[in-house]
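Q: the following block contains a protein sequence and its predicted model.
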Amino acid sequence: MKTYLVTGAAGFIGSNYLKYILNIHDDIKVVVLDALTYAGNLGTIADDIDNERCIFVRGDIGDAELVGRLFATYRFDYVVNFAAESHVDRSIENPQLFLQTNILGTQNLLEVARRAWTKGKDETGYPTWQRGVRFHQVSTDEVYGSLGVEGYFTEDTPLQPHSPYSASKTSADLVVMAYRDTYKMPVSVTRCSNNYGPYHFPEKLIPLIIKNILAGKQLPVYGNGSNVRDWLYVEDHCKAIDLVVTKGRDGEIYNVGGHNERTNLQIVKLTIATIHRLMEEHLLYRNMLKKQVKNADGSISIDWINDDLITFVKDRLGHDQRYAIDPSKIKAELGWYPETTFEVGIVKTIEWNLNNQKWVEEVTSGDYQKYYDRMYGNR
Ligand code: NAD
Ligand code: TYD
């Protein structure tokens, strides 16, 4: 049986990963460590925690005493580090928090793991390591900076981050690699492109657009909407991480992406068109619209769900133009490929949002904090 410490699993990708591994592995035990910042919501994982297979602990990855105690109690085999400040726009407002959590928090986890997992020294002075352990860092394609119209990020592309967020993630990757090179620590890193899917916090592009359309609000597109992202359905990312954690080679970096490049304008227009089609097909969904416009015959109008909702707003500072991943390495070594096409994934994502409006309201109203207090008091 393997015991996991999964950090940041009350957030978007971490919660999807937690559900994924609990579903596909019978013989695991998981401790979730999450600080429950604005982006972490206990309601997302309420059905997965507090049982013999999964325990939730609220806390900061930078808290050495707490992380040390957890290691001593649970003797983890794997650390999978999702915990991070993850929003580029927020990093432009408050860079220091990103450096604190993403760099120093990661280093604290590495250091506690190093002390727990090393057994002695070999004849050359390097530490000897407990067998079968692994520190996995969940990283991003944003560490590579920005591409022009051609080319792809490979694992050998030089690191050239631009935003405070991507600079902090790059720094964390470098610290992970320093532990690999200095102590021969068994580590791995995945660098993934933009994810979308269930439990995506509605400050990011796709869930924000869905939320605004349902409310009849304008859809803010930065600059001229020509920036390109390589979108991957979140479950495909979770599968990639699981493959790397359990079967990947020690010390390796794996790029993860779906060859699904779209401009932001294409994403927004496709989301508008898909919501329009779903509304046309299902009266139930039309009833969920927060903005209700009536036709002359009293039926619900959806004519207003069109590209006129788009509004071009001031561009993001230092806005990276294009990201595109070459996932050949993970495909060749671990047989990974993206299973969900964007056409299927965007429908699933929109339907999930429509069917989980309570979740969307909870995470945006701060009600989840009341839920936490009700469920857990001061723990
Ligand atoms: P998210 O913002 O939705 O979730 C982050 C989680 O970390 C939250 O639950 C939050 O409470 C927790 N957290 C924040 N600071 C913490 C701290 N100091 N201690 C403990 N927990 C803390 O983020 P996400 O989109 O799910 O991203 C998860 C990871 O994947 C991040 O490391 C991010 O850099 C990386 N990543 C994200 C994407 C993407 O498209 N969202 C793509 C590639 C990589
Ligand atoms: P985002 O979802 O914040 O992810 P990231 O910045 O990590 O790629 O943004 C995706 C793209 O969408 C990015 O180019 C910025 C753009 N964007 C908008 O045009 N409008 C918005 O309201 C948001 C949040 C993002």
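A: Yep, it's here. Ligands and ions are numbered 1, 2, ... in the order given.
Q: confidence score at residue 52?
A: pLDDT, residue 52: 96.
Q: sorry, that was for residue 34
A: 98.
Q: so after the host helix or strand of residue 354, what's the next helix or strand?
A: Using DSSP states H and E, residue 354 sits in helix 342-355. Next helix or strand after helix 342-355 toward the C-terminus (DSSP H and E): helix 357-365.
Q: show me what the helix holding residue 354 packs onto, helices and strands only.
A: When contacts are defined as 3 or more C-beta pairs under 8 Å, 6 or more residues apart in numbering; DSSP states H and E, helix 342-355 sits against strand 195-196, helix 205-215, strand 232-233, helix 264-281. Glycine gets a C-beta too; all of them are placed from N, C-alpha and C.
Q: lowest confidence element among the helices and strands of the protein?
A: One helix or strand of the chain scores below all others by mean pLDDT, DSSP states H and E: helix 367-376, with a mean of 69.
Q: could you find the closest non-adjacent residue to residue 56?
A: Ranked by C-beta to C-beta, 6 or more residues apart in numbering and with sequence neighbours excluded, the top spatial neighbour of residue 56 is residue 49, at 4.1 Å.
Q: residue 14 too?
A: residue 82 (3.6 Å).
Q: how about that neighbour, what does it touch?
A: 6-9, 11, 13-14, 17, 138 (C-beta atoms under 8 Å, 6 or more residues apart in numbering).
Q: quick one: which of those residues sit in strands?
A: By the criterion of DSSP state E, membership of the contacts of residue 82 in strands covers 6-7, 138.
Q: which among those residues gets closest to ligand 2?
A: Taking C-beta to the nearest ligand atom as the measure, ligand 2 lies nearest residue 138 of those, at 13.6 Å.
Q: residue 209 contacts residue 217, correct?
A: No - here residue 209 lies out of contact with residue 217, judged by C-beta atoms under 8 Å, at a distance of 9.8 Å.
Q: regarding residue 176, what are the backbone dihedral angles?
A: phi -60, psi -50 (degrees, to the nearest 10).
Q: can you get me a residue count around it?
A: The number of residues packed around residue 176, counting by other C-beta atoms under 10 Å, is 25.
Q: how about the helices in the protein?
A: 12-24, 64-74, 88-93, 95-98, 106-117, 164-183, 205-215, 234-247, 264-281, 283-288, 328-334, 342-355, 357-365, 367-376 (DSSP state H).
Q: so which of the ones you listed comes closest to ligand 1?
A: helix 12-24 (3.4 Å).
Q: tell me which residues of the closest one are tucked away?
A: For helix 12-24, the neighbour count (16 or more other C-beta atoms under 10 Å) marks 12-22 as buried.
Q: around ligand 1, which positions in the stretch 201-350 of the chain sit nearby?
A: Residues of the stretch 201-350 of the chain found near ligand 1 (C-beta under 6 Å from any ligand atom) are residue 201.
Q: just to revisit the earlier point, which of the buried residues of helix 12-24 are close to ligand 1?
A: Checking the buried residues of helix 12-24 against ligand 1 (C-beta under 6 Å from any ligand atom), the matches are 12-14.
Q: verify the stated contact: residue 176 with residue 106.
A: Yes - counting by C-beta under 8 Å, residue 176 touches residue 106, with 6.9 Å between them.
Q: please enumerate the shared neighbours of the two.
A: With C-beta under 8 Å, 6+ apart as the test, residue 176 and residue 106 both reach residue 137.
Q: how many residues are close by the closest residue to ligand 2 within the stretch 51-200 of the chain?
A: Closest contact between the stretch 51-200 of the chain and ligand 2, by C-beta to the nearest ligand atom, is at residue 88 (4.0 Å). A count of neighbours around residue 88, defined by other C-beta under 10 Å, yields 20.
Q: who's in contact with it?
A: By C-beta under 8 Å, 6+ apart, the neighbours of residue 88 are 142, 163, 165-166, 316.
Q: which among those end up buried?
A: 142, 163, 165-166.
Q: from residue 147, how far out is residue 153?
A: The gap separating residue 153 from residue 147 is 7 Å, by C-beta to C-beta, to the nearest Å.
Q: these two - which one has more neighbours?
A: Neighbour comparison, residue 153 and residue 147: the larger count goes to residue 153, with 24 against 19 (by other C-beta under 10 Å).
Q: what pLDDT does that one get?
A: Note for residue 153: predicted pLDDT of 98.
Q: which residues touch the nearest residue to it once chain neighbours are set aside?
A: Nearest non-adjacent residue to residue 153, counting by C-beta to C-beta, 6+ apart: residue 144, 4.3 Å away. Contacts for residue 144 (C-beta under 8 Å, 6+ apart) come out as 153, 157-161, 191, 323.
Q: among those residues, which two are most distant?
A: The most widely separated members of the contacts of residue 144 are 158 and 323, with 14.8 Å between them, by C-beta to C-beta.
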